[in-house]
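Visitor: have a look at this prediction, sequence included:
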Amino acid sequence: QVHLVESGGGLVQPGGSLRLSCSSSVSGFSFNRYALGWFRQAPGKEREGVACISRGGGTIQYSDSVKGRFTISRDRTLKKLFLQMNSLKPEDTAVYYCKARDLDGTTYWGQGTQVTVSS
């Protein structure tokens, strides 16, 4: 059963912007109780963490490769997670995944959305 659904990926030129969204596909999923994060996996590479945000939104972390260009946020009313990506580079090309993690370690993943940065 897929609990998370990502959207907003696509093809963009270098220097462009995209906004990814993640929400729950399961009725009754307590989206707001989880710490959330964005990960990405490029062809031939391991999945890597991009950004994460705590349950309350007060703690945010970014990987060095996206710091200053990407912004993670969550809307507790809409029960959505966002990733604003600016100044995109070809090396940002990857499948981007949303992850939710409960306090007991239970983890849910989305199926991913493709982001391609190319001229």
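Guide: Thanks, I have the structure now. Numbering: from 1, shown residues only.
Visitor: return the set of buried residues in stretch 10-18.
Guide: Going by neighbour count (16 or more other CB atoms under 10 Å), the buried part of stretch 10-18 is 12, 18. In this view, the C-beta of every residue, glycine as well, is placed from N, C-alpha and C.
Visitor: other SSEs contacting the lowest-mean-pLDDT helix or strand in the chain?
Guide: Sorted by mean pLDDT, DSSP states H and E, the helices and strands of the chain end with strand 107-109, the least confident at a mean of 93. Contacts defined by 3 or more CB pairs under 8 Å, 6 or more residues apart in numbering; DSSP states H and E place strand 107-109 against strand 94-101.
Visitor: parallel or antiparallel, which strands does the strand it packs on pair with?
Guide: strand 35-41 (antiparallel), strand 107-109 (antiparallel), strand 113-117 (antiparallel) (DSSP bridges).
Visitor: which of those strands has the lowest mean pLDDT?
Guide: Across the strands paired with strand 94-101, the stretch with the lowest average pLDDT is strand 107-109; it has a mean of 93.
Visitor: mind listing what's buried along that strand?
Guide: Along strand 107-109, these residues count as buried under the neighbour rule (16+ other CB under 10 Å): 108-109.
Visitor: and that strand, how far from the chain's centre?
Guide: In terms of CA atoms, centre = their mean, to the nearest Å, the gap separating the centre of strand 107-109 from the centre of its chain is 12 Å.
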